[in-house]
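Colleague: after the sequence you'll find the predicted model.
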Amino acid sequence: MAYMLGAYSVAWVIIFVYLLTIGKRQTKIVKEIEFIKEMEK
Amino acid sequence: MKTTLNLEQEPFTKLKDSLVHRVLVWATIISILTSFYLIFIYAPLETTMREVQKIFYIHVSSAWVAFLAFFVVFVLSIMYLVTRKRIYDIYAGISAEIGVVFTTIVMTTGPIWARSSWNTWWAWEPRLTTSLILWFIYLAYIMIRQMDGAWDKKARLSAVFGIIGFIDVPIVFMAIRWWQSKFHPIVFGDGPSQKGGGVEPEMLVALITMTISFTLLYVVLLQKGVYLEKAKITVENWKEKLREKLVG
């Protein structure tokens, strides 16, 4: 039972870490857009 | 100071409104929840391995998505080299990333299963060794893409790497059929020393549903990743134009 739970937990942690990486990428791009907007003013 | 940048066409407004993306996200969530029901409640317990056998569903479906992702890299790398269109390179890069994520799942759930079934975390047998090589090949592919330098040079190099690297995918799949493996059983089809025993129909339903769920997740991640990559390129172009304006 512990092995099964361990395997499923590890798999979902890997997927969520990748989702977080994508989220970080999006935040960075949004910040850069805001910066360009500020510069344009 | 007024630049010529068209900031009204921000890349993020479109993805939010994309009905296809929303439908795909919800389809993925629903199918993953359905898979969990089928795996943990509907599918019967295997007599020898009991609960540990349930690792099979996530392990095999992750391997399928990894193979699919690397096949997409292979096809798009050829398309990039033929047409030199950047969009193919962008898709190939994101697909390789997702492929590595799912290979990482395969390479972590595998040893956990092995520890329970074979009483060892790792064995240098054909399937495991070729899978490890596959993982390293695409990690190297990602490292090539993250090097400094002009994008077209990196795209050309990574496309060549993506095509050559794909050779390992059929080798991983056929490894246990070509070379005898003490540990890895053939589940579907036949090999030199054993015949594939197959699985119970309920187990097959759970496996197919989990594979569909992960394939949908792959499509969602690919769509989102490509979109962000395009947005990043747009922002870089804006920054370059802004720099020229400031210098000029």
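Modeller: Perfect, I can see it now.
Colleague: contacts, neighbours, all on C-alpha from now
Modeller: OK.
Colleague: mind listing the helices in chain B by residue range?
Modeller: B:11-17, B:19-37, B:55-83, B:86-117, B:126-145, B:151-165, B:168-178, B:201-247 (DSSP state H).
Colleague: lowest mean pLDDT across those helices, which one is that?
Modeller: Ranked by mean pLDDT, the helices of chain B end with helix B:11-17 at the bottom, a mean of 56.
Colleague: among the helices of chain B, which is nearest chain A?
Modeller: helix B:86-117 (4.9 Å; CA to the nearest CA).
Colleague: which strands and helices lie in contact with the closest one?
Modeller: Here helix B:86-117 touches helix A:2-40, helix B:55-83, helix B:126-145, helix B:201-247, going by 3 or more CA pairs under 8 Å, 6 or more residues apart in numbering or on different chains; DSSP states H and E.
Colleague: can you tell me the closest non-neighbouring residue to the residue most central in space within chain B?
Modeller: The residue lying closest to the centre of chain B (CA atoms, centre = their mean) is B:G99, at 2.3 Å. For B:G99, ignoring the flanking residues on the chain, the nearest one in space by CA to CA, 6 or more residues apart in numbering or on different chains is B:A66 at 4.3 Å.
Colleague: so what's the one you found up against?
Modeller: B:98-103 (CA atoms under 8 Å, 6 or more residues apart in numbering or on different chains).
Colleague: find the pair from those with maximum spatial separation.
Modeller: Across these, the longest distance by CA to CA is 8.5 Å; it joins B:I98 and B:T103.
Colleague: looking at those two, which one has more neighbours?
Modeller: More neighbours surround B:T103 than the other of B:I98 and B:T103, with 26 against 23 (other CA atoms under 10 Å in any protein chain shown).
Colleague: how many neighbours does the residue nearest to B:Q223 when sequence neighbours are not counted have?
Modeller: Leaving aside its chain neighbours, B:Q223 sits nearest to B:H21 (7.7 Å; criterion: CA to CA, 6+ apart). Number of residues near B:H21 (other CA under 10 Å) recorded here: 16.
Colleague: cool, and A:I29?
Modeller: That count, for A:I29 with other CA under 10 Å as the rule, works out to 21.
Colleague: same question, A:V13
Modeller: 13.
Colleague: the one 3 residues further on too?
Modeller: Residues contacting A:F16 under the criterion other CA under 10 Å number 12.
Colleague: where does it land on pLDDT?
Modeller: 96.
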